[in-house]
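Colleague: Below: sequence and its predicted model.
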Amino acid sequence: MTESSTLVKPACYHCGDDCLTTEFVSDGKQFCCHGCKSVYNILAGSGMCSYYSYNSHPGATRARVDKRFDYLSEPSILSELLDYTDDRISIITLYIPHIHCSSCLWLLEQLNNFSPAIHYSRVDFLKKQLIVRFDNRQYTLQQLVELLYDIGYEPLISLQDIIKKQNTADKGNLVQRIAVAGFCFGNVMLLSFPEYFGLSVYEQTFKHFFGYINILFSLPVVFYSGRGYFVSAWNNLKARVLNIDFPLALGIAVLFGRTVIENLAHTGAGFADTLCGLVFFLLVGKFVQQKTYHHISFERDYRSFFPVAVQILDDGVEKPLPLAKLVMGQRIVIRHNEIIPADAILLKGNALIDFSFVTGESVPVNRTLGEIIYAGGRQTGEAIELEVVKPVSQSYLTQLWNNEAFTRKQDNRMKTFNETVSKYFTVVLIIIAVASLLAWLPFNYHTGIDAFTAVLIVACPCALALSTPFTMSAALGIFDRNRFYLKNTAVVEQLARVDTLVMDKTGTITNGTSKRIILGGDLTDKQQQIIYTACRNSIHPLSRMITQYLGEMRALDITNYKEIPGKGINATIAGHKVQVGSGNLIFGYFFETKQMTRVHLMIDGEYLGYFGFDQEYREGMENIGLLAPQYDLYLLSGDQDHERNELVRFFHNDAKMFFGKSPQQKLDIIKNLQQNKHKVMMLGDGLNDSGALKQSDLGIAVTDNVNNFSPGSDAILDGQSFNKLPAFLRFSKDTVKIIHLSFLISLTYNLVGLSYAVTGRLSPLVAAILMPLSTVTIISFTTLATHFAAKKRKLI
Amino acid sequence: MNIIYFLIGCSVLMALVFLGAFFWAQRSGQNDDLYTPSMRILLDDELKDDKK
């Protein structure tokens, strides 16, 4: 076989993709498609070409066209989308996945250059959001969205906008609590120093003055900043659970009580600085734990991925209808690149459906008239008409969300180490406190009370409460750097505890988009040229892959060209009769013997061979096979078992590979494994894995683009980092070990403190030194140890 | 030494003003987006005859 010409293809000036043709040129610049060229022309027309000077190729590829936004003029939809509207202005926040560089920022904040009715546009880069304020008398939301679409920034419009919701969490409130605690902590420290350094006799009056101010400073710390601990402890007591908040609340209460009493009775200086420091550090720990990813949503369900509205045919007239109002029997029109929102029967048109969101398989499949098409598929090619046979929420896929796995509360999946330990910790703490009280009582009830309170102060599990958040957030940072995004810190512990890995096939362990092309047979240069010419005119993904495989060539004359959807191409090129397509097209009847998708080639009645498209497994699949003795590996695929023989080398055991399973069956298999005491981690990618992901102890969505749709899950793994999965698992185990170690360290501090405390002679100075010292030790130990562990696992 | 009462009063008052300023900044959303302004400042107002 001769290597075809390897000309360097010019990169599109707008999006940077390779230009397959030289057709699209404007101002001497090359573009890959008409879409990109038209964006350039719009920008050039408005004198906004600086867009291209900040970064090269900042645009999104605009290969697809014809998109409808008519539904944005529907008042009921409008009112749900707009943040604010009155009779003059409207404000909207739009989520734009393509925002990725400073050019995007620059262009989107210059929207007023396109229309004076846009008053204000501002980008929030990390959240990938655009806030626009516009005059609604001169401009409509539909125009705005169309403008954004025209310049290559299509907003993702969804009524179930979880990203917006999760960003308005009460993190702001926590920051304010920390600010108050920190403010009081600083001032109280300053006022406590004189006491520690010793005051001369004539300065004794200041001592009382400082004491009173300290009480004043403690008030907001206890009743504003520390309020959450009392509420949580009380709620847990009512639910008969002892969690870590109980000893913390007890410690805060005792510290405050003793501070007030000692200062008012002039018997001592109290523990105001320890109290403020404790609350401050605890809240900081809480803050660190609350890491949120602004641009990733872990709670998506089918609604966030289905369109907001659909075009229906009513007496032959097309009009938009909100999806929620769609009922059975209605006729819908689905255009190129639109998603079919409900199970429907195909009535008209050539359906070429891309089910990549559902199964992960990106090669579109053909459907014939009268066939039922399941919701979730994306039409490619011409517009089709369908009749809805099931309501949106009852469709084949969406009914998964009615399963109990989706209504179950998420918190009680696995108990974290912290929760388990703090139960015993609290019991032991109270026993020691009461014992020291009882031991002193016969001799000196004053010392008894002192000892009792001192035990509660010293043993206040501050370091314990901090070790988990700081270790986990450091670990989260490490995972984040390796493009593995966890929903929250508890997921790290769950990751350490799983013993069974279940994997979906298509899109998860195989690479969804790129496939290996194998040419079966030999082609001369002339023949290659003919095939290239035939495929160049087709928009079918397989044809595109063939043209890419053959590389840039000179196209020949076409005298006759016919593409039969789902079958292939019949053409006459440079006098040769060419057939490119499925076995059915070429041989009339054909039984596919090879276990792959094939495109057969025939020129002038002579069979020349085929292009085979093979699934490519993700890099690092071998390493995952090596996890076998430690972890149980299962394969759970919706496809047929073509690749059984190839896959058995990874999964070792034929009985652990399941094929042809429906979404519901996938969920049930996971449930079964769990009933056999397995801790199951599920890796999946499509909507059809949603049930299994939700049911499993730890669901990981594998995706090639984090901003794309991924089903609701506990973690999202970028496909590029798939090979690091074994390292992630080991690292999570290291992390848990670090937490255990730091728990031991904090216990040591507690024991040292206790030996003072039971004698009843805990001086405020000892408490004031011990508390921050243990905190600093824990924080530095966990940070360093996590860093070291990550290095050992080659994750940094 | 009675001046201490006055000085401490002043220092607490000042600190309270700063705390109030922080609350105001937090509530008016100044800390909501801490990243984009760092990019925005690098963009020029008008880039004329900048040919790539």
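Modeller: Cool, the structure landed. Numbers count the residues shown, from 1 in each chain, chains lettered A, B, ... in the order given.
Colleague: going forward, measure contacts and count neighbours with C-alpha atoms only.
Modeller: OK.
Colleague: Smallest gap between the stretch 501-650 of chain A and chain B, at which residue?
Modeller: At 26.4 Å from chain B, residue A:552 is the closest residue in the stretch 501-650 of chain A, using C-alpha to the nearest C-alpha.
Colleague: and the longest helix for chain A?
Modeller: The residue-count maximum for a helix in chain A (DSSP state H) belongs to helix A:725-757.
Colleague: tell me the angle of the helix or strand following that helix relative to helix A:725-757?
Modeller: Counting by DSSP states H and E, the next helix or strand C-terminal to helix A:725-757 is helix A:764-792. Orientation note: helix A:764-792 sits at an angle of 170 degrees relative to helix A:725-757 (axes from the mean of the first three to the mean of the last three C-alpha atoms, to 10 degrees).
Colleague: Now do the SS call for the residue of the stretch 501-650 of chain A closest to chain B.
Modeller: coil (DSSP: H, G, I helix; E, B strand; the rest coil).
Colleague: what's the answer for residue A:307, then?
Modeller: coil.
Colleague: Tell me the confidence at it?
Modeller: The confidence metric pLDDT takes the value 76 at residue A:307.
Colleague: Same question for the one 3 residues further on.
Modeller: Reading off the confidence values, residue A:310 has pLDDT 84.
Colleague: Over to residue A:234?
Modeller: Value listed for residue A:234 in the pLDDT field: 93.
Colleague: give me the element it is part of.
Modeller: With DSSP H and E as the test, residue A:234 turns up in helix A:227-238.
Colleague: Buried residues of that helix, list them for me.
Modeller: Neighbour counts over helix A:227-238 (16 or more other C-alpha atoms under 10 Å in any protein chain shown) mark A:227-230, A:232-234, A:236 as buried.
Colleague: quick one: average pLDDT of the helix or strand following that helix?
Modeller: Tracing the chain past helix A:227-238, the next element assigned as helix or strand by DSSP H and E is helix A:245-264. Across helix A:245-264, pLDDT averages out at 91.
Colleague: what's the closest non-adjacent residue to the residue most central in space within chain B?
Modeller: Centroid check for chain B by C-alpha atoms, centre = their mean gives residue B:25 as the closest residue, at 6.9 Å. Distances taken as C-alpha to C-alpha, 6 or more residues apart in numbering or on different chains place residue B:31 nearest to residue B:25, at 7.0 Å, with adjacent residues excluded.
Colleague: my read is the one you found is in a strand, agree?
Modeller: No - counting by three-state DSSP, one finds residue B:31 to be coil, located in no strand.
Colleague: Report how many residues lie close to it.
Modeller: Residues contacting residue B:31 under the criterion other C-alpha atoms under 10 Å in any protein chain shown number 12.
Colleague: Distance-wise, check it relative to residue A:219.
Modeller: 27 Å (C-alpha to C-alpha, to the nearest Å).
Colleague: And for residue A:51?
Modeller: 54 Å.
Colleague: Have a look at these two and say which one is more surrounded.
Modeller: Remark: of residue A:51 and residue A:219, residue A:51 carries more neighbours, 24 against 17, as counted by other C-alpha under 10 Å.
Colleague: Run through the residues that contact the more buried one.
Modeller: With contact taken as C-alpha atoms under 8 Å, 6 or more residues apart in numbering or on different chains, residue A:51 is in contact with A:58, A:103-104, A:106-107.
Colleague: any idea how far residue A:185 is from residue A:286?
Modeller: Taking C-alpha to C-alpha, one finds residue A:286 at 17 Å from residue A:185.
Colleague: The two: which has the busier surroundings?
Modeller: Neighbours per residue (other C-alpha under 10 Å) separate residue A:286 from residue A:185, with residue A:185 holding more: 25 against 19.
Colleague: coming back round to it: run through the neighbouring helices and strands of the longest helix of chain A.
Modeller: Using 3 or more C-alpha pairs under 8 Å, 6 or more residues apart in numbering or on different chains; DSSP states H and E, the elements in contact with helix A:725-757 are helix A:445-458, helix A:462-481, helix A:490-497, helix A:621-625, helix A:764-792.
Colleague: give me that answer again for 7 Å
Modeller: Contact here means 3 or more C-alpha pairs under 7 Å, 6 or more residues apart in numbering or on different chains; DSSP states H and E; on that basis helix A:725-757 packs against helix A:445-458, helix A:462-481, helix A:490-497, helix A:764-792.
Colleague: any chance of those in JSON lines, plus mean neighbour count, distance to residue A:757 and mean pLDDT?
Modeller: Listed next are the helices and strands packed on helix A:725-757 as JSON lines, based on neighbours: other C-alpha atoms under 10 Å in any protein chain shown; distance: least, C-alpha to C-alpha, whole Å; pLDDT from 0 to 100:
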{"stretch": "helix A:445-458", "mean neighbour count": "23", "distance to residue A:757": "5", "mean pLDDT": "84"}
{"stretch": "helix A:462-481", "mean neighbour count": "24", "distance to residue A:757": "16", "mean pLDDT": "86"}
{"stretch": "helix A:490-497", "mean neighbour count": "21", "distance to residue A:757": "34", "mean pLDDT": "88"}
{"stretch": "helix A:764-792", "mean neighbour count": "18", "distance to residue A:757": "10", "mean pLDDT": "88"}
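Colleague: Chain B: which of those helices is closest?
Modeller: Nearest of the helices and strands packed on helix A:725-757 to chain B, taken as C-alpha to the nearest C-alpha: helix A:462-481 at 17.6 Å.
Colleague: looking only at pLDDT, what's the mean for the helix or strand just after that closest one?
Modeller: For helix A:462-481, the following helix or strand on the C-terminal side (DSSP H and E) is strand A:484-486. In this model, strand A:484-486 has a mean pLDDT of 89.
Colleague: Check stretch A:560-578 too.
Modeller: pLDDT averaged over stretch A:560-578 gives 82.
Colleague: Could you tell me the end-to-end distance of that stretch?
Modeller: For stretch A:560-578, the end-to-end distance is 10 Å (C-alpha to C-alpha).
Colleague: Enumerate the positions of it that are buried.
Modeller: Quick answer for stretch A:560-578 (16+ other C-alpha under 10 Å): A:563, A:566-573, A:577-578.
Colleague: Same question for stretch A:428-436.
Modeller: A:429-430, A:432-436.
Colleague: and residue A:61, what pLDDT?
Modeller: 67.
Colleague: the helices in the stretch 51-200 of chain A, which residues?
Modeller: A:51-54, A:75-81, A:102-108, A:141-150, A:162-167, A:171-197 (DSSP state H, counting those that start in this stretch).
Colleague: can I get the ones you listed in CSV with mean pLDDT?
Modeller: What follows is the helices of the stretch 51-200 of chain A, written out as CSV (pLDDT from 0 to 100):
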stretch, mean pLDDT
helix A:51-54, 78
helix A:75-81, 79
helix A:102-108, 85
helix A:141-150, 86
helix A:162-167, 48
helix A:171-197, 87
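Colleague: so which of the buried residues of stretch A:428-436 are also by chain B?
Modeller: Checked against chain B using C-alpha under 7 Å from any C-alpha of the partner chain, those give no members in range.
Colleague: Run a quick neighbour tally on the closest residue to residue A:340 other than its chain neighbours.
Modeller: Counting by C-alpha to C-alpha, 6+ apart, residue A:340 lies nearest to residue A:375, which is 5.2 Å off, once chain neighbours are set aside. Applying other C-alpha under 10 Å, we find 23 residues neighbouring residue A:375.
Colleague: my read: residue A:375 touches residue A:343, true?
Modeller: Yes - between residue A:375 and residue A:343 a contact is recorded at 4.8 Å, counting by C-alpha atoms under 7 Å.
Colleague: residues shared between the contacts of the two?
Modeller: residue A:395 (C-alpha atoms under 7 Å, 6 or more residues apart in numbering or on different chains).
Colleague: Make TSV out of the buried residues of helix A:227-238 and add distance to residue A:643.
Modeller: Output for the buried residues of helix A:227-238, formatted as TSV (distance: C-alpha to C-alpha, whole Å):
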residue	distance to residue A:643
A:227	59
A:228	55
A:229	55
A:230	58
A:232	53
A:233	55
A:234	56
A:236	52
